[in-house]
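In: Sequence first, predicted coordinates after that:
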Amino acid sequence: MKWIQWKVAGVFFLLSACTHLSVTKDVLTSDFLLTKNTKQITFLGDNDHPRFSEDGKRLIYSSRSRASHKGWQVYEMDLENNKERRVTFSDGDAFDAIYISKSEILYASTTDEIKESPLLNKNFDKEFPPSDLYMSDLYGTNILRVTQQPGFDAQPFFVSHATRPSIFFTSRRGELSGIYRLDLKKVPVSLISAEKEKEKRFPAITPDRSQVAWAEKNLKTGEESLVLYNLKTKIPFMLKSNEGNYRDLFFSPRNPQRLFYSILRKGEKRYQIEVYDIDKQCTQVVFKGNDSLFSPAISNEETERVAFSRLFQDKKQIYIVNLPVDLGPCLEPAAQATLKE
């Protein structure tokens, strides 16, 4: 295989009356369940982390609590024929899968880490399970392990390049969680950013591949931020801060540079999906409702679609809907004034 050969929104209960001091309480946004043409993709088990194929015809995701397995495994859905099939058959959990070509995927798995250190990994942190990154064909038969560092290696983002394809990912090494880059041509792993008192996760690359964003938590104060890091100048810039708990970052594949994410805002009880336009400095609510929403992913199509997971009765199911053209006002007063001008 190509890379392996290199080795390596009707408004509906906008907000509960008991919500306090919410910046989004007066924002009109559709509940995704009432949005026209919303399609539920999964019905069995517990499903999360959807990702579109390049042509938008397939969706890959993680699923657990199935009749044939309890742990996480990778599945693929043919969106044209509504046919689902299992991709991985790992002994451990397999999750955070993404496409890297028409015939290959990249994902994280606990299989080897737990086997290699069964005593050390007997009672591991569920947020940071001992895992490594793997490449595989779409049938899970030709598999290559690409990281072997003890600890948590997951949340990968693949960057295609003619001569230097690479993977950005989250790695927790000891008590330090940071963002790393793996050069698939030369194999070495390099540090992008890690700090002793800050937890950094969910890397996402801008469409022009010049910058990487991540969610950052100050372990002393508990304050969380969205950070944008210029890969050339190596200078970080704080995009947003102290709004709540950020997770599941994803840039739209097409310009402008729009960063999608899931957030549990202060004063609210459920995660909602938002988008931040970096150039306009404008935050908009994509979807919010009676249930928590996670893991937004945008298709690379002229009519963009968004896939995401919804938590209902302790399990997540995946939905797809066309990304609304009008997402309503910016949450930032300054951005609203600028846009009106």
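Out: Here it is on my side, so go on.
In: Could you list the low-pLDDT ranges of the chain?
Out: 1-22, 25-26, 28, 119-120, 334-341 (pLDDT under 70).
In: Centroid-nearest residue for it?
Out: For the chain, the residue nearest the mean C-alpha position is residue 248 (3.6 Å; CA atoms, centre = their mean).
In: My understanding was that it contacts residue 262; is that so?
Out: Yes: counting by CB atoms under 8 Å, residue 262 is a contact partner of residue 248 at 4.4 Å. For the C-beta atoms, the positions are set from N, CA and C on the backbone; glycine is no exception.
In: so what sits against both of the two?
Out: 294-296 (CB atoms under 8 Å, 6 or more residues apart in numbering).
In: Now rank the residues you listed by neighbours and give me the top one.
Out: Counting neighbours by other CB atoms under 10 Å, residue 295 leads these with 26 neighbours.
In: wait, is that residue part of a strand?
Out: Yes: assessed with DSSP: H, G, I helix; E, B strand; the rest coil, residue 295 lies in a strand.
In: Which elements pack onto the one helix or strand residue 156 maps to?
Out: Using DSSP states H and E, residue 156 falls within strand 152-159. On a contact count with 3 or more CB pairs under 8 Å, 6 or more residues apart in numbering; DSSP states H and E, strand 152-159 meets strand 94-99, strand 104-109, strand 132-137, strand 166-173, strand 198-205.
In: Distance to residue 57 and mean neighbour count for these - can I get that in TSV?
Out: Shown next, in TSV, are these (distance: least, CB to CB, whole Å; neighbours: other CB atoms under 10 Å):
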stretch	distance to residue 57	mean neighbour count
strand 94-99	11	24
strand 104-109	15	25
strand 132-137	18	23
strand 166-173	24	23
strand 198-205	23	21
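In: now those in CSV, with distance to residue 46?
Out: Output for the helices and strands packed on strand 152-159, formatted as CSV (distance: least, CB to CB, whole Å):
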stretch, distance to residue 46
strand 94-99, 11
strand 104-109, 17
strand 132-137, 21
strand 166-173, 21
strand 198-205, 20
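In: Identify whichever of those lies nearest to residue 240.
Out: Closest to residue 240 of these is strand 198-205 (CB to CB; 13.7 Å).
In: thinking in terms of the whole chain, how far from its middle is that closest one?
Out: Its chain's C-alpha centre and that of strand 198-205 lie 10 Å apart, by CA atoms, centre = their mean, to the nearest Å.
In: Dump stretch 51-61 to CSV, keeping only the CA atoms.
Out: Extracted in CSV, the C-alpha atoms of stretch 51-61 (Å, rounded to 0.1, in the frame of the first residue of the first chain):
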residue,chain,number,x,y,z
ARG,A,51,-15.0,10.8,9.2
PHE,A,52,-16.0,11.2,5.6
SER,A,53,-14.0,9.7,2.7
GLU,A,54,-12.5,12.2,0.3
ASP,A,55,-15.4,11.7,-2.2
GLY,A,56,-18.1,11.9,0.6
LYS,A,57,-19.5,8.5,-0.4
ARG,A,58,-18.3,6.6,2.7
LEU,A,59,-18.1,7.2,6.4
ILE,A,60,-15.7,5.6,8.9
TYR,A,61,-16.4,5.6,12.6
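In: For that stretch, which residues meet the burial criterion?
Out: Within stretch 51-61, the residues scored as buried using 16 or more other CB atoms under 10 Å are 51-53, 56, 58-61.
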